[in-house]
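Q: Here is my input, please return the structure:
(chains A and B)
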2 protein chains.
Amino acid sequence: MSSDEQQPASFAAINLFLLSTATFLYKLSRNSGRNRNNGIFESEDGASYRIGSRGIECLRPALPYLGAFIKCCEDPCHPKTNPSGYIALCVAENKLIQERLALRLMPENCSGEAFSDTVAYCYSNMLGLPGAREAVARFLTRKFLRSGENSEHKMVSDVNNQAQTKVDPQHVVLSGGAASIISNILFALCEPGDAVLIPAPYYNAFENDMKLMAKCVPCPIYTSDPVKGPSPKELDSAAAAVVKRGLCLKVVLLTNPNNPLGVIYRRGVMLDCVKWARSKGLHTICDEIYALSCHQKNNAFESILKILDNDLRDDVHMIWALSKDFGASGFRAAFLCTQNVGLLNALGNLNIFTCVSHPIQLVTSDIFNDDLFVDSYLEEARLLTVKSKAICERKLDQMIIPYVKSEAGIFIYADFSAILPQPVTFSDEGRFSEILQNIAHVVMTPGSSQRETRPGMFRICYAWVSEEVLEIAMERISYIVFKIRKLGTRYRWDDISEKYLSEVTTCGISKSGSLHALSAIQ
Amino acid sequence: MSSDEQQPASFAAINLFLLSTATFLYKLSRNSGRNRNNGIFESEDGASYRIGSRGIECLRPALPYLGAFIKCCEDPCHPKTNPSGYIALCVAENKLIQERLALRLMPENCSGEAFSDTVAYCYSNMLGLPGAREAVARFLTRKFLRSGENSEHKMVSDVNNQAQTKVDPQHVVLSGGAASIISNILFALCEPGDAVLIPAPYYNAFENDMKLMAKCVPCPIYTSDPVKGPSPKELDSAAAAVVKRGLCLKVVLLTNPNNPLGVIYRRGVMLDCVKWARSKGLHTICDEIYALSCHQKNNAFESILKILDNDLRDDVHMIWALSKDFGASGFRAAFLCTQNVGLLNALGNLNIFTCVSHPIQLVTSDIFNDDLFVDSYLEEARLLTVKSKAICERKLDQMIIPYVKSEAGIFIYADFSAILPQPVTFSDEGRFSEILQNIAHVVMTPGSSQRETRPGMFRICYAWVSEEVLEIAMERISYIVFKIRKLGTRYRWDDISEKYLSEVTTCGISKSGSLHALSAIQ
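A: Numbering: from 1, shown residues only, chains lettered A, B, ... in the order given. Next up is the predicted model:
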């Protein structure tokens, strides 16, 4: 699999996806259309669409920067063939590691096997094939529950048989993506309109995942130091705000390692949160989707499975998926670990709509039972991730742009507020974002789309593009930062014209196609 | 793939599935538990489950004969090793044809390819990969829209380019199973509590599919001749009954070829139904999941795509899947064809939870673009299906048990009312069902679970077991029918004891393990 060769196909795919939905979505959802009788929805331009009110709610665009991302797919940057093209730094997907996984899966003794077994073809347990649930349980035991222990590399069968030391396959659910797990859990645990607390800033698709089917209300937890995670006092304040809105609080959702901050919540913080939630009779969902993308070999991450010594009771639910750490979001394979018997049984029915394709379950089992591959793959992924992160950090340091020192994940959360007109507003963030997109052809995730309180924050996803393209993107950003700084502190947005930034899309590219540093064009 | 060798694994899978859910489901859902504050549900036995009211609704068992089916999985009949074991004739899954599909998919140039393409790993269009939507559109054009035409076997690119002559890939949605399509469509088109009309008897999981997420109300259409399908007058009556219940009618759902009847609705009936629905402003969903399992080479089936000349407008929606005709329900791959732009865009978001794993989309595309394989596979499937059907029919004829002359599908709908105490009640059907299950170790789908109005009807699924096991099942049923007839018309259920039927589980098996006819044991 050549990444270079395949990218056009991949881009084309995403391109068509977005084109097919975005135009319509924007037109329809932003307008205050009218919902007439009998499920006919009339948009302001007079067109009528025969869908119901819940269908109309689905038309809200999931991402506010969708239009810009479409351009990244239509006109992607390529160092040689399209050096001034668009660059997406807004997608948290690790493309750097997909080839290695493909090489493991392609041979017939893996992929072919997945289609040779009768269970691949037949109806089975909607929670997952028994063998797959066992493989996932074994994997979660080794990489989450007992991670860092000496026995991690021992076969799980070697360790003694007490329940606490192993994840029970009966507590594992396979589902088609973390989004479907979140939607299903909230659907089963909450009533429509119930509130879910999430430390802000947070992953910008959570709101869509929670509202669409489950009809829950995401409510941010604002903290004095988002890097540390919420304190019981901050949780109290957030809960009070929920009550003030007249909502019933039901769940606390923690993403650890955190997206977009890239930080790891420490054991004490996680324990305090769970204790706090338990004292209020709330559920805690721990989304650990970036758990195996920690940047240090010895890192501070501890899964909630480990922190609670595998005693999740009926109120703590842990999620992981292939999407991030294995770069396989296209597989639609995510995993829930819960000990809530009622929830497990509800999902046994609900998961009819969202269960994982059986050949994919078999392939996943095959990988999870191959400890040597898993460990070397994750180590290779770590090295590649750290390399791209270093490119980002080096350039941000040069720009004197502060950023959160990330410990995990495939993104950096950077603070561009110092170069925006003071006092900075979200409108300024939006203007800066537009300049980046329209003139520099670089798309980052703006803080405003992630319920950030401070304007000027951007998430930079560095693993969706090659190192070479990442270098180009960072050069372009450097150029803009340099040009804005040149204007002094009291500039107006009109000063930053296309003309003023005319060289931005040639940044990072020499005439021979090789990279050259920002200094060369200053 | 040896079917014999693999069956224990397959059985074990289903076994664990059912065990893990059924016990709990039965206990909890049948009890009138109390839903306390804060999402804690208390069952009558005092146990409390922390789930919400929607979670509790998920605990209703999808199938009333689940307990008996569990026994089929725990203790399956095998002609040599377990001749008196249980036999499931209640699952509409075609296991006869899976091996041939496996042989096509296993080689690396198919299965391996599916894992070599970057698009397999990445986020893409939630409606389906562009290439997959094209392959499905081409397949639907050839096998549904233009089925039976001389040009069916020509490449679609040969036919002229008018929209009507081809299914547009933009009108195709790939989703994880027909159940998820039905749930998503109804969610997007209907309001909670809206009614869906379905000709009775009908597929017994429809109710679960409609109620769980979409919160729609399935309402049977009763007809004078279910084999023909509903007439406009009967639709009027059904609609009037809906209005009388105070419900808002939104959708008519037609399964053609029909499950459980196995009949094909004729063109005129389908047209009348669509016209009727249109005149009332209703949507029509055509579930054609058995379309390619017609028993005659030249058969009466016409897809709604063909009947409407591919002009579905915004109110007719067609569903097909790999599950039945390709014996691959485990793949979780189903297909919607709709021209409702609002619905397509709503699904672009909703399908985040239910989209098809990308490697499976690639494998599906590969098959759908292989016309020679598709045609020879379906012909082989047809011959195997007809052979098993003949075993059923021959035995039913011998028993003088009437049945619907099926034209498609993998089941026969048989009328056992003549051997039940007159006048027959559903309680008698239940008693007969229990005798079949508990004494004869044979499980069929009772009519009562399919909203049948006449007691004594049973669906016999003949493709879930080998021909040999099917022969044994039919011998056992013959034996019971013979023994009941021997008692005359005025028997009581107590007469039909285990002792009276003591030889039933030896039917069809000689000491050497070979089959012997019913006459030999009479």
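
Q: What backbone torsions are found at A:Pro230?
A: As for A:Pro230, its main-chain torsions (degrees, to the nearest 10) stand at phi -70, psi 140.

Q: can you pull the buried residues of stretch A:271-284?
A: Residues of stretch A:271-284 classed as buried by neighbour count (16 or more other C-beta atoms under 10 Å in any protein chain shown): A:Asp272, A:Cys273, A:Val274, A:Trp276, A:Ala277, A:Leu282, A:His283, A:Thr284. All C-beta spots, glycine's among them, are computed from the backbone N, C-alpha and C.

Q: Please read off the pLDDT at A:Ser512 from the model.
A: With respect to pLDDT, A:Ser512 scores 52.

Q: Which residue is the nearest non-sequential neighbour of the residue most central in space within chain A?
A: Centroid-nearest residue in chain A: A:Ala92, 5.2 Å away (criterion: C-alpha atoms, centre = their mean). Of all residues not flanking A:Ala92 in the chain, A:Cys461 sits nearest, at 5.1 Å (C-beta to C-beta, 6 or more residues apart in numbering or on different chains).

Q: so the one you found sits right up against A:Leu96, yeah?
A: No. The pair A:Cys461 / A:Leu96 is not scored as a contact, 11.4 Å apart, by C-beta atoms under 8 Å.

Q: hang on, the earlier thing: OK, contacts around the residue nearest to the centre of chain A?
A: By C-beta atoms under 8 Å, 6 or more residues apart in numbering or on different chains, the residues touching A:Ala92 are A:Tyr203, A:Asn259, A:Lys324, A:Gly409, A:Ile410, A:Phe411, A:Arg459, A:Cys461, A:Ala463, A:Trp464.

Q: Can you give me the neighbour number for the closest residue in space to A:Val404 that isn't next to it in sequence?
A: Leaving aside its sequence neighbours, A:Val404 sits nearest to A:Tyr413 (C-beta to C-beta, 6+ apart; 4.4 Å). If you count neighbours by other C-beta atoms under 10 Å in any protein chain shown, A:Tyr413 ends up with 27.

Q: Now the phi/psi pair for A:Tyr413, please.
A: The phi/psi pair for A:Tyr413 (degrees, to the nearest 10) reads phi -110, psi 110.

Q: Could I get the contacting residues of it?
A: Applying C-beta under 8 Å, 6+ apart to A:Tyr413 gives the contacts A:Pro201, A:Pro260, A:Leu261, A:Gly262, A:Tyr403, A:Val404, A:Ser406, A:Met457, A:Phe458, A:Arg459, A:Ile460.

Q: Now name the helix or strand holding A:Met318.
A: strand A:316-321 (DSSP states H and E).

Q: Average pLDDT for the helix or strand following that strand, rounded please.
A: Beyond strand A:316-321 in the direction of the C-terminus, DSSP H and E gives the next helix or strand as strand A:334-338. Across strand A:334-338, pLDDT averages out at 98.

Q: Give me the sheet partners of strand A:334-338 and which way each runs.
A: Strand A:334-338 has the following strand partners under DSSP bridges: strand A:172-175 (antiparallel), strand A:316-321 (antiparallel).

Q: coming back round to it: mind listing what the residue nearest to A:Ala92 touches?
A: Applying C-beta under 8 Å, 6+ apart, we find A:Cys461 in contact with A:Ala88, A:Leu89, A:Cys90, A:Val91, A:Ala92, A:Glu93, A:Ile410, A:Phe411, A:Met444, A:Thr445.

Q: Widest-spaced pair of those residues?
A: Spatial extent of these (C-beta to C-beta) is set by the pair A:Glu93 and A:Met444 at 14.7 Å.

Q: Find the nearest non-adjacent residue to A:Pro446, please.
A: Among residues not flanking A:Pro446 along the chain, A:Ser433 sits closest, at 4.9 Å (C-beta to C-beta, 6+ apart).

Q: that older thread, looking at A:Glu93 and A:Met444, which is more packed in?
A: Counted by other C-beta under 10 Å, A:Glu93 and A:Met444 do not tie: A:Met444 has more neighbours, with 26 against 20.

Q: Could you report the pLDDT at the more buried one?
A: The model's pLDDT for A:Met444 equals 97.

Q: beta partners for it?
A: Applying DSSP bridges, one finds that A:Met444 bridges with A:Leu89.

Q: any idea how far it is from A:Pro402?
A: 15 Å (C-beta to C-beta, to the nearest Å).

Q: How about A:Phe331?
A: As for A:Phe331, its distance to A:Pro402 is 36 Å (criterion: C-beta to C-beta).

Q: More neighbours: which of the two?
A: A:Phe331 (28 against 14).

Q: The more buried one against B:Tyr121, yeah?
A: Yes. Using C-beta under 8 Å, A:Phe331 makes contact with B:Tyr121 at a distance of 7.3 Å.

Q: any residues in contact with both of these two?
A: B:His358.

Q: Show me which residues of the stretch 201-350 of chain A sit near chain B.
A: Within the stretch 201-350 of chain A, the positions adjacent to chain B are A:208-209, A:212-213, A:250, A:281, A:283, A:314-315, A:327-333, A:340-350 by C-beta under 8 Å from any C-beta of the partner chain.
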